[in-house]
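Trainee: A predicted structure for the sequence below; I have some questions about it.
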Amino acid sequence: MKWFSSVNETALPERVLNAIHDQENQTEQLIGWIQLAVVSIFGTLYLLSPKTFNEEVTFAPVPWALAIYLGLTVIRIIWSYKYRMPDWSLALSALFDMTLLMVLIWSFHIQYNQPPSFYLKVPTLLYVFIFIAIRALRFEAKFVIIAGLFAALGWGLMILYVVKVDSMDSMITRNYVQYMTSNSILLGAEFDKIISIIIVTLILAVALIRARRLLIHSVSERQAAEELSRFFSPEVAAKIAQSKDKIIAGNAERREAAIMNLDMRGFTKMASRETAEVVMGTLAEYQQLCVPIIQKHGGSIDKFMGDGIMATFGASEPSQTYAADALRAMDELMDATHNWQLSEGMEVPKVNGSIAVGSVLFGAVGDDTRLEYTVIGDAVNLSAKLEKYNKDVGVRALSDDIAYKRAFEQGYEPQRQVKILEKSEVMGIARPINLVVLAE
């Protein structure tokens, strides 16, 4: 049935195929519940409706057909939850649907003591469109076509039965009025029903081919977006996804924000003497330890720079507590990394940190082939220089006094006694500044 597919699905990545299969499995469960609802409605209507057939008739096929269909539907639901239903089982399900419906319609002439042509007039045939439409929920044209072909073939056999049983053709007429007011059959009208079934099936199939193309495109894009979002902070990923206009280099917004820099002191020396597995394992554990803490306090990861982490608070999204959030995050980071060791028990380099606040530009830089969201401003440069200055004064975390005072104004409560370094001369800073030691 691969010729019914509009795209080469075998060329899709396995993760995309798995996502599509997950959607298909959920659809099969939905179809099962819809079928259960349909048979429940039919059963309720049958129990509540008055019986118009002769009470002396002992054969009552409707309860049997409904009971069989109910049993098959329950089996189908259980199967869909436990396993992935193969194509042959779905085709067989469509065959059972149409077979039970046709047998039910066929039984009407026995139930009401009428000639076989009687059952060709019953409106129950319209239920075939329900069973065909149910298959459309899976977004695969082949199952709609299978159900439509079974329906058309089944009705053709029903017509053939009438014609063969009535071998003298006494019930066949070309008079439309006689057809409508008696048990006579008008072959043209019956063929119209088959043509209608086929046309509806083909229309649904064409719609589903287009819909499946959109489904695959949508799933592929969603999977790609999920993978790409791992390269951005959640805030930046959301900003990209929700952008009304195309993002171009140079788009920027000015914000008041806090900039945090983290680094492992001595990591370069460690990387030169340890194996690649140990180096990368150390880096991974360090990032897995620090990133959740930063995000917990509203921080956004701007970039990873080897063993360095640059994070922003209030840059990607405006915040009224950006400085306080940054200092709370730093307190927790210093506690978490103070006695940090690898899972094997090996000691690791100490983690340094710094915070600076100020007006920054947050926006996209790059060209049409590659863009990157970043922050630009004096606070970015100051934070980077303070991180390096930790080593000069022998401490683990620093901020300038402006960041500390602003955090205090925003509700920050220090977790430890701080020390002030007045008029510190930091390389790259034109004038001496007052610094606050956040962790020694």
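Mentor: Okay, I see it.
Trainee: Near the closest residue to Trp106 other than its chain neighbours, how many other residues are there?
Mentor: Closest residue to Trp106 apart from its sequence neighbours, by Cβ to Cβ, 6 or more residues apart in numbering: Tyr119 at 5.8 Å. No exception for glycine: its C-beta is placed from N, CA and C like everyone else's. Tyr119: 24 surrounding residues under other Cβ atoms under 10 Å.
Trainee: What of Leu186?
Mentor: 18.
Trainee: where does the closest residue to it other than its chain neighbours land in three-state SS?
Mentor: Once flanking residues are discounted, Leu186 sits nearest to Tyr179: 4.0 Å by Cβ to Cβ, 6+ apart. Using DSSP: H, G, I helix; E, B strand; the rest coil, the structure places Tyr179 in helix.
Trainee: Hmm, Tyr179 is touching Glu190, no?
Mentor: No: with contact defined as Cβ atoms under 8 Å, Tyr179 and Glu190 do not form a contacting pair (9.8 Å).
Trainee: got the residue ranges for the helices in the protein?
Mentor: Secondary structure of the chain (DSSP state H): helices located at 14-48, 61-82, 87-111, 127-135, 141-165, 176-181, 187-229, 234-242, 267-273, 276-296, 322-338, 378-393, 401-409.
Trainee: Kindly reformat those helices as CSV containing distance to Val360, mean pLDDT and mean neighbour count.
Mentor: Shown next, in CSV, are those (distance: least, Cβ to Cβ, whole Å; pLDDT from 0 to 100; neighbours: other Cβ atoms under 10 Å):
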stretch, distance to Val360, mean pLDDT, mean neighbour count
helix 14-48, 37, 75, 15
helix 61-82, 52, 80, 16
helix 87-111, 56, 83, 19
helix 127-135, 56, 87, 20
helix 141-165, 53, 90, 20
helix 176-181, 81, 81, 12
helix 187-229, 23, 81, 15
helix 234-242, 14, 59, 15
helix 267-273, 27, 83, 13
helix 276-296, 17, 87, 15
helix 322-338, 10, 90, 23
helix 378-393, 6, 90, 20
helix 401-409, 13, 91, 19
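Trainee: quick one, domains of this protein?
Mentor: 2-229, 234-439 (automatic domain parsing).
Trainee: How far off centre is the last one?
Mentor: This points to domain 234-439. 32 Å (Cα atoms, centre = their mean, to the nearest Å).
Trainee: For stretch 348-364, C-alpha coordinates in PDB please.
Mentor: In PDB, the C-alpha atoms belonging to stretch 348-364 read as follows (Å, rounded to 0.1, in the frame of the first residue of the first chain):
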ATOM      1  CA  VAL A 348      37.300  18.500  40.800                       C
ATOM      2  CA  PRO A 349      38.300  22.100  40.200                       C
ATOM      3  CA  LYS A 350      36.700  24.700  42.300                       C
ATOM      4  CA  VAL A 351      33.800  26.700  40.700                       C
ATOM      5  CA  ASN A 352      34.200  30.500  40.500                       C
ATOM      6  CA  GLY A 353      31.300  32.900  40.000                       C
ATOM      7  CA  SER A 354      30.600  36.600  39.400                       C
ATOM      8  CA  ILE A 355      27.500  38.900  39.000                       C
ATOM      9  CA  ALA A 356      27.100  42.300  37.600                       C
ATOM     10  CA  VAL A 357      24.000  44.300  36.700                       C
ATOM     11  CA  GLY A 358      23.100  47.100  34.300                       C
ATOM     12  CA  SER A 359      21.400  48.000  31.100                       C
ATOM     13  CA  VAL A 360      22.000  45.500  28.400                       C
ATOM     14  CA  LEU A 361      20.800  44.900  24.800                       C
ATOM     15  CA  PHE A 362      19.300  41.500  24.300                       C
ATOM     16  CA  GLY A 363      18.900  40.500  20.600                       C
ATOM     17  CA  ALA A 364      20.000  38.400  17.600                       C
END
